[in-house]
Structures are given as C-alpha cells and as structure tokens.
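1. 3D, please:
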Amino acid sequence: MVMITYLEIKFSYFILAPYVDDLIITGNHSSTICKFISRLNEEFSIKDLGHLSYFLGLEVAYMNSVDSKPAATPLATAESFTLHGTLLKNSTFYHSLVGALQYLTITRPDISYAVNQVSQFLHAPTTDHFQAVKRIIRYVKGTLVYGLSFHHASKPLLLGYSDADCARCIETRRSTYGYSIFLGGNLISWNAREQSTVARSSCESEYRALANTAVEIVWITHLLRELYVLPPERPTILCDNKSAIFLSQNPVSNKRSKHIDIDYHFVRELVSSEKLYTKFVPTALQLAVIFTKSLPRSLFESFHSKLHVGPPPVRLRGGGEGGIRDKIT
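-> Modelled structure (predicted):
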C-alpha cells in the first residue's frame with residue numbers, strides 16, 4: 001500500500017509517496033523539493049530518475065495530445081452469462097488470466113465491466129466464460145498502447161456519473177452499478193460491480209448506485225483537502241434516473257422508499273447541507289453506462305473516448321526500478 005504524507009514549510013509544501021524503496025515526490029516549490037532530495041542523499045544512497053515514468057507496475061507517458069482510433073469491444077452486445085454450461089477441466093489458467101485483467105483495469109477503465117462479469121464465475125468457470133475472457137484478451141491485443149490521458153484543467157470541478165442496470169444478472173436478478181468520477185475533466189476513479197442485494201425497482205438500483213458514488217466522492221474530497229487541491233465548488237453527481245434525483249433533492253419518505261432508507265438519508269444529508277449537487281443527465285450523455293452494460297461498437301468507442309482512453313502518439317517506455325521517481329515543480 002502506498003502511504004501519502006506531506007510536509008508543510010511556510011507557504012510551500014511537497015508530497016512524498018513511498019513504497020518500500022521507491023518514492024514519488026511532488027510539490028509546489030522546486031527549491032524545497034531540491035533541498036529535501038539533497039538532505040535525503042546525505043543519509044541514503046539514492047538515484048533521481050527525473051519525471052515519473054514507472055511506478056508500481058504502471059507506466060506514465062507525457063504528451064501534448066492523444067488520438068483515438070476504432071477498436072473492437074471487449075464483450076458482445078447485450079451479452080449475459082449463466083452458471084450453466086460445460087465446466088473447465090482446469091480452472092487455474094482461467095484464474096490467472098482474470099487476475100491479470102483485473103490488474104490491467106487500473107489503467108484501462110474501458111474493460112472494467114467485462115472483467116467484472118467474468119470475475120463473478122471464478123468459483124466454477126465454464127467454457128462460455130473462458131470464451132468471454134479470450135474475447136477481452138483479443139480486444140486488449142488490438143489496443144495494447146491504449147491508456148488514460150490527463151491534461152491540465154483551469155477549472156478543477158469534481159464531477160461524478162452514476163448508473164445502474166436493474167436486474168442485470170439473469171441468475172440472481174441483482175443489478176450492476178457503475179460510476180466514473182472526473183476531476184477537471186480527468187478520470188480519477190471508476191467502478192463496475194454487482195449490487196449486494198436485489199433491487200425491487202429501477203429507482204432503488206439507481207439510488208443505491210448514487211449513494212455508492214457519493215461515498216467515493218466524499219473520500220476523494222477528504223484526500224484533495226489534505227493535498228491542498230480541493231476545488232472551491234461543491235461536487236456534482238449526474239444520474240439518468242429522475243426518480244432517484246427526486247429522492248435525493250426532496251425530504252419525502254414514504255412506504256415505497258423505506259427499503260432504501262439508509263442510502264436515502266445519507267445522500268439527502270449531503271445535498272441538504274450543500275456538500276453535494278445531484279443533477280439529471282440524459283442516458284446518451286451518461287458516461288457511467290460503459291460500466292454497467294455491454295454496448296455496440298459505435299457507442300462503446302464514443303464512451304471510452306470520453307473517458308480519455310486511447311492510444312498515445314508514441315509507445316510507452318518504462319523507466320528503471322528503485323530510487324526517486326519524480327520531481328515536479
């Protein structure tokens with residue numbers, strides 16, 4: 001686990017993220033960072049590798065722009081899976097492939113939904129599940145250079161998209177929910193997961209997704225406050241279900257909403273205390289939909305490009321291991 005600490009000196013600060021003997025250093029004052037590195041070098045043998053290029057298995061590339069290109073989808077349109085079918089004789093390889101794909105979702109949000117679907121059958125994978133995994137790998141093979149791109153934003157608004165696909169699982173009728181959270185237009189957090197209980201209505205599944213998105217945004221606001229980069233404007237969550245939006249903005253609780261009482265009060269308190277906005281967004285502009293269902297190729301490519309997932313102009317090159325990874329002024 002990476003532990004982030006910060007040291008404040010007068011009106012300057014820098015952030016130190018250590019992992020064993022690897023360090024990332026960043027801050028808002030170059031001389032303070034240089035002094036710290038010099039002092040650290042007096043006590044330990046270190047190597048400054050310059051701008052961040054490789055850390056914890058992740059590669060970072062710096063570029064002026066990112067272009068998109070067509071690619072196949074990781075899952076067939078409206079594809080769903082069941083527990084029935086011919087069981088794999090040896091599921092070890094299946095576990096290994098899915099585990100690797102789960103790690104890849106750290107930088108590839110476009111495969112999050114597909115990986116979540118095949119991960120639900122690790123206990124008893126069938127040949128159909130294995131075919132789905134191979135399709136994901138074929139998609140990854142054609143998009144090997146794809147990754148997330150980040151750009152400087154003059155207005156760092158914290159914006160979340162929340163979505164749910166009611167009763168998506170044909171075996172359990174549990175809904176799949178997902179969210180995507182942007183800071184200044186840059187995707188910083190996302191999730192695709194099956195809800196732990198069966199929703200009795202689309203409003204309930206959407207509202208539970210809204211509550212989970214709110215929890216993540218609250219955590220992010222605490223982190224940004226510690227890093228002195230909390231946006232001045234309150235966060236906003238966009239949802240394409242008008243009933244869920246109505247519940248979040250109006251102090252009304254009746255017998256039809258008592259079964260989601262805890263989530264209702266949690267989100268309502270955030271909205272009423274003006275710590276959170278909830279707004280309606282048309283489904284066509286709902287960027288979280290890519291985390292709740294398999295889409296046709298045209299829609300899939302449109303949504304993942306809006307997540308800023310695509311190929312860089314040049315292939316990534318990894319840096320060496322160990323030492324100080326970054327010095328940003």
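
2. Helices of this structure, start to end?
-> 30-43, 92-104, 112-119, 127-142, 202-226, 242-249, 261-272, 297-306 (DSSP state H).

3. Any chance of JSON lines for the ones you listed, columns mean neighbour count?
-> Heads up, the C-betas are built off the backbone N, CA and C, glycines and all. Formatted as JSON lines, the helices of the chain follow (neighbours: other Cβ atoms under 10 Å):
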{"stretch": "helix 30-43", "mean neighbour count": "13"}
{"stretch": "helix 92-104", "mean neighbour count": "15"}
{"stretch": "helix 112-119", "mean neighbour count": "23"}
{"stretch": "helix 127-142", "mean neighbour count": "17"}
{"stretch": "helix 202-226", "mean neighbour count": "20"}
{"stretch": "helix 242-249", "mean neighbour count": "20"}
{"stretch": "helix 261-272", "mean neighbour count": "17"}
{"stretch": "helix 297-306", "mean neighbour count": "17"}
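
4. what residue lies at the spatial centre of the chain?
-> Trp190 (2.2 Å; Cα atoms, centre = their mean).

5. how near is Lys35 to Tyr179?
-> 41 Å (Cβ to Cβ, to the nearest Å).

6. meant to ask about Asn212, not that
-> Taken as Cβ to Cβ, the span from Asn212 to Tyr179 is 7 Å.

7. any shared contact partners between these two?
-> 162, 191 (Cβ atoms under 8 Å, 6 or more residues apart in numbering).

8. one step back: relative to His84, which of the helices of the chain is closest?
-> helix 127-142 (8.7 Å; Cβ to Cβ).

9. quick one: the residue located most distally from the centre of the chain from Ser243, how far?
-> Within the chain, the residue lying farthest from the chain centre (Cα atoms, centre = their mean) is Glu42, at 39.1 Å. According to Cβ to Cβ, Glu42 and Ser243 sit 63 Å apart.

10. Touching, Thr127 and Lys89? I think so.
-> No - using Cβ atoms under 8 Å, Thr127 is not in contact with Lys89, being 9.8 Å away.

11. And for Gly85, the neighbour number?
-> 16 (other Cβ atoms under 10 Å).

12. Could you check what's spatially nearest to Thr278, not counting adjacent residues?
-> Ser248 (4.3 Å; Cβ to Cβ, 6 or more residues apart in numbering).

13. and what of Lys155?
-> Gly184 (6.6 Å).

14. what's near enough to touch that neighbour?
-> Gly184 makes contacts with 152-157, 231, as judged by Cβ under 8 Å, 6+ apart.

15. Straight-line length of stretch 25-32, end to end?
-> For stretch 25-32, the first-to-last residue distance is 11 Å (Cα to Cα, to the nearest Å).

16. Can you give the distance from it to the centre of its chain?
-> 28 Å (Cα atoms, centre = their mean, to the nearest Å).

17. still on that earlier bit, just list whatever residues bridge to the residue nearest to the centre of the chain.
-> Ser180 (DSSP bridges).

18. Quick check: it touching Pro109?
-> Yes - between Trp190 and Pro109 there is a contact at 4.6 Å, judged by Cβ under 8 Å.

19. hey, what's in contact with both of those two?
-> What both Trp190 and Pro109 touch, as defined by Cβ under 8 Å, 6+ apart, is the set 180, 291, 307.

20. quick one: which of those is nearest Ile220?
-> The nearest one, if we look at the shared contacts of Trp190 and Pro109 relative to Ile220 and count by Cβ to Cβ, is Ser180, at 12.4 Å.

21. how about that closest one, what does it touch?
-> 109, 160-161, 187, 189-190, 287-288, 290-291, 307.

22. So, low pLDDT: which residues of the chain?
-> 1-12, 63-71, 78, 170, 251-261, 313-329 (pLDDT under 70).

23. what does the domain assignment say about it?
-> For the chain, automatic domain parsing gives the domain ranges 5-61+317-328, 68-313.

24. about what we covered before: is it possible to get CSV of the helices of the chain that adds distance to Thr278?
-> Formatted as CSV, these follow (distance: least, Cβ to Cβ, whole Å):
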stretch, distance to Thr278
helix 30-43, 40
helix 92-104, 31
helix 112-119, 23
helix 127-142, 33
helix 202-226, 7
helix 242-249, 4
helix 261-272, 6
helix 297-306, 21
